[in-house]
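Engineer: attaching a predicted model along with its sequence, questions to come.
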Amino acid sequence: MDYLTLLTTSTRPPRIPRHTVLPDQTRQDVVILLDGAMLLRTCANPAAMAAQMAYLQHLQESTHGPRILVVPFQAGVIPPHGALHRFLLHDQEVCAEETWSAIYITGADSQAARDCLAAGLTAAKDLKASAALLDIARRRFEQLAKDPESDPLLEELTA
């Protein structure tokens, strides 16, 4: 009996561990465009923000992880109001924007979303530079957690 059958026939609800590649599934290429302004904002406790940056670094370095590219703040690319996704569904390109709810658009209606993603991809730093910016942001938030008045790495992020 294979693992998936065991999980689906047990008396407990089936749970498949995170990051498990299911049999016969091909890996999809996932690119995350991260707005450079997010590396500057302290949206939560600085220690929590440092942990978030460390998690993004872990994802980027993992074998099946996404490519995380940073769109620099200075690039002038206006990000969407929420998370913007582009994917194929039954061979049709679908764009979904998530804010308080989700809006799904296809065809000509999705042109603005596709333009936004294209501008982000064009302006994004490469993998190596993006990884370096994530590392600077993580170290910056770690420093802010220790000393909220000191911000020596801010200049490196905005250069």
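Structural biologist: All right, it came through fine. Since the structure is predicted, the reported quantities are computational estimates derived from the model, not experimental observations.
Engineer: please enumerate the helices of this structure.
Structural biologist: Along the chain, counting by DSSP state H, helices occupy 3-9, 46-61, 111-123, 127-146, 154-158.
Engineer: which helices and strands sit right next to the longest one?
Structural biologist: In this structure, helix 127-146 packs against helix 46-61, strand 67-71, helix 154-158, with contacts taken as 3 or more Cβ pairs under 8 Å, 6 or more residues apart in numbering; DSSP states H and E. Using the backbone N, CA and C atoms, a C-beta is placed for each residue, glycine as well.
Engineer: now the helices of the chain as TSV including mean pLDDT and mean neighbour count?
Structural biologist: Listed next are those as TSV, based on pLDDT from 0 to 100; neighbours: other Cβ atoms under 10 Å:
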stretch	mean pLDDT	mean neighbour count
helix 3-9	60	11
helix 46-61	91	16
helix 111-123	91	15
helix 127-146	92	18
helix 154-158	74	13
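Engineer: turn the ones you listed into a markdown table, columns for distance to L40.
Structural biologist: Output for these, formatted as a markdown table (distance: least, Cβ to Cβ, whole Å):
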| stretch | distance to L40 |
| --- | --- |
| helix 3-9 | 43 |
| helix 46-61 | 10 |
| helix 111-123 | 16 |
| helix 127-146 | 8 |
| helix 154-158 | 6 |
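Engineer: can you say which of the ones you listed is nearest to P80?
Structural biologist: Nearest to P80, of all the helices of the chain, is helix 111-123, at 5.7 Å by Cβ to Cβ.
Engineer: return the distance of that closest one from the chain's centre.
Structural biologist: With Cα atoms, centre = their mean, to the nearest Å as the basis, helix 111-123 stands 16 Å off its chain's centre.
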